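# Just to be clear, the model below is a prediction. Sequence and coordinates:
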Amino acid sequence: MIVQTKGLRFEVTTAGEGDKLALLLHGFPECAYSWRWQIPLLVRMGYRVWAPALRGYGKSDKPEGISEYTLEKLEQDVADLIDASGATSVLLCGHDWGALIAWYFAMHRLRPIERLVIMNVPHPACFYQQGRTLRQLRKSWYIAFFQIPWLPELLLSRNNCERVVRAFKRMAVDKSRFPQEVLEVFRRNACEPRALTAMLNYYRALRYARVPSQRAFPRIDVPTLMIWGECDLALGKELTYGTGEHVSDLTLRYLPDVSHWVQQEAPERVNAMLEAWLEEKAR
């Protein structure tokens, strides 16, 4: 469905009902479909699930200009979606870019949340502290490439966004989890008019971010589950070390034979971890 917030219009995949909201934030270059395995679980556990296409993705609004994709505006989108839902309790889940937004949202406490789930993106403080090694810089080469105007769009859009589609199988360990019918969903998403530029503007807008001090990372007090696929080609496992210094109630789970696409590639194990953790925290 389309949800009109105070700011933008969002395409939102919805399921379930009730006052408990599970808000699922996808990553790059994904869409709400990346949560297809978790949505039924959360509905069964009594949540009303909203999985939006983030700004710039799918049928959601695509404001023009790099400055429209700063973390501050992405955080406000989350607040606006929570307001539009009318929910009294919020479970916030994020993967990749969705996880980065969720980290900052939880730190800045724009709206109350009950639980936080993070998948394969480090806490920002850990990234700033440990992400400048030569090993990690080699892994993150694409961030610098995405800063170039128009050229990344040109290359990624060729052959109906074939390079976008190829990234899923190239990075995956269990490539059988990404059959052609799944890849076509992500292809259509990337081929939406103006979508690639909007998606890349997330990375380009990082130039507006201030170099943080330690005070820029308020401690997160809500119970937090972090699930990490260890075979992530973009982000090293070492970036998770020290997360507990910034989160009061942290549960960290590693999946040793799983890639960056953790909730899609190992949905059974991710769902088991998620269900057990939510049941434990509900006691």
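Received the coordinates, thanks.
# what about the residue of the chain positioned farthest from its centre, distance to L42?
Relative to the centre of the chain, and counting by Cα atoms, centre = their mean, the farthest-placed residue is R283 at 27.4 Å. With distances taken as Cβ to Cβ, to the nearest Å, R283 is found 18 Å from L42. Just so you know, the C-beta spots here come from the backbone N, C-alpha and C atoms, and that holds for glycine as well.
# any chance you could map the strands in the chain?
Using DSSP state E, the strands found in the chain span residues 2-4, 9-15, 20-25, 48-52, 89-95, 115-119, 224-229, 250-255.
# tell me the mean pLDDT for the second one?
Spelled out, that is strand 9-15. The average of the pLDDT scores along strand 9-15 is 98.
# ok, and for it, which residues are buried?
F10, E11, V12, T13, T14 (16 or more other Cβ atoms under 10 Å).
# Looking at these, which is nearest V78?
Of all these, V78 sits closest to F10, with 10.6 Å by Cβ to Cβ.
# right, and L155 touches V164 too?
No. L155 is beyond contact range of V164, at 10.1 Å (criterion: Cβ atoms under 8 Å).
# Neighbour count for the two, which is higher?
For L155 versus V164, the count of surrounding residues by other Cβ atoms under 10 Å is larger for V164: 23 against 12.
# So which residue is dead centre in the chain?
G98 (2.1 Å).
# Now do the same contact list for W103.
G94, I118, V121, H123, P124, I220 (Cβ atoms under 8 Å, 6 or more residues apart in numbering).
# Could you export these as a markdown table, including pLDDT?
Below are the contacts of W103 laid out as a markdown table (pLDDT from 0 to 100):
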| residue | pLDDT |
| --- | --- |
| G94 | 98 |
| I118 | 98 |
| V121 | 98 |
| H123 | 97 |
| P124 | 94 |
| I220 | 97 |
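# Go through these and say which is closest to L233.
V121 (13.9 Å).
# now the nearest residue to R36 once chain neighbours are set aside: how far from M107?
Among residues not flanking R36 along the chain, Q264 sits closest, at 7.9 Å (Cβ to Cβ, 6 or more residues apart in numbering). As defined by Cβ to Cβ, Q264 lies at a distance of 27 Å from M107.
# More neighbours: these two, which one.
Neighbour comparison, Q264 and M107: the larger count goes to Q264, with 25 against 19 (by other Cβ under 10 Å).
# picking that back up, farthest-apart pair in the contacts of W103, please.
V121 and I220 (13.9 Å).
# Return the list of helices and strands in contact with the top helix by length along the chain.
In the chain, taking DSSP state H as the definition, the longest helix is helix 151-171. Using 3 or more Cβ pairs under 8 Å, 6 or more residues apart in numbering; DSSP states H and E as the contact test, the elements touching helix 151-171 are helix 180-190, helix 195-204.
# pLDDT on the last one, on average?
Okay, so that is helix 195-204. Here the average pLDDT along helix 195-204 is 98.
# Same question for the longest one.
The average of the pLDDT scores along helix 180-190 is 97.
# helices and strands around it, which ones?
Short answer (3+ Cβ pairs under 8 Å, 6+ apart): helix 180-190 packs on helix 151-171, helix 195-204.
# Buried residues in stretch 75-93, which are they?
Going by 16+ other Cβ under 10 Å, stretch 75-93 has these buried residues: 75-82, 84-85, 87, 90-93.
# neighbouring contacts of the worst-scoring helix or strand of the chain on mean pLDDT?
Lowest mean confidence among the helices and strands of the chain (mean pLDDT, DSSP states H and E): helix 134-139, at a mean of 84. With Cβ under 8 Å, 6+ apart as the test, helix 134-139 has contacts from Q130, L233, A234, L235, G236, L239.
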